[in-house]
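Student: heads up, no residue letters with this:
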């Protein structure tokens, strides 16, 4: 089953577009900032303008301060983002979810120079009102060779894909903010939606 998924995802990804991105920024000495949804992202709001290159993910696209900065990529790895979501939802939930997804689609369309990095399944439904022209469909199993000779093949989650796109694009200096669940030591797997009355106790 895993092999079949890998084959389907690879077949649906934008191979030519991905190749065009490889090492595109390898000559720059400037850093790239990748921004997650974590609380630490609040601490860079006043210095965002100092970065020429920015990669965002998930709900970071709703950050108004990023609109004039034209991020390189918006990473959203949710496989069902562009898929019709008609299963297991009552009518009111369906309307709420569809409305929120429309908002995200509008935001990425407004950022005409930002490329959306999406799950390959979404490519089948990237048309009509949902169509996002500036989109790149990337398999979670995509892999490429680093200068060190190591293989990078971590494109399942938003954080891993942001790092992967920065490396694939040729950046040597990567700054991270807002990925608190991944970068805290010891690691904290709780999210804002976790069933926990006091998540701060785990930090």
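Tutor: Okay, I see it. None of the values given here were measured: they were computed from a predicted structure. Numbering: from 1, shown residues only.
Student: mind listing the helices for the chain?
Tutor: Assigned by DSSP state H, the chain shows helices spanning 2-12, 15-21, 91-110, 158-168, 180-183.
Student: okay, which residue is most central for this protein?
Tutor: residue 75 (1.5 Å; Cα atoms, centre = their mean).
Student: list the contacts of that one.
Tutor: 55-58, 117, 158, 161-162, 165 (Cβ atoms under 8 Å, 6 or more residues apart in numbering). C-beta coordinates here come from the backbone N, C-alpha and C atoms, glycine included.
Student: who wins for neighbours among those residues?
Tutor: Among the contacts of residue 75, residue 162 has the most neighbours (other Cβ atoms under 10 Å), with 30 neighbours.
Student: so who does residue 83 touch?
Tutor: With Cβ under 8 Å, 6+ apart, residue 83 has these contacts: 121-122, 124-125.
Student: and it, how close does it get to residue 133?
Tutor: The gap separating residue 83 from residue 133 is 18 Å, by Cβ to Cβ, to the nearest Å.
Student: same check, this time on residue 39
Tutor: Applying Cβ to Cβ to residue 39 and residue 133 gives a distance of 33 Å.
Student: so what's the residue count around the nearest residue to residue 110 once chain neighbours are set aside?
Tutor: Excluding the flanking residues, the one nearest residue 110 by Cβ to Cβ, 6 or more residues apart in numbering is residue 67, at 7.3 Å. Applying other Cβ under 10 Å, we find 14 residues neighbouring residue 67.
Student: give me the pLDDT for residue 67.
Tutor: According to the prediction, residue 67 has pLDDT 87.
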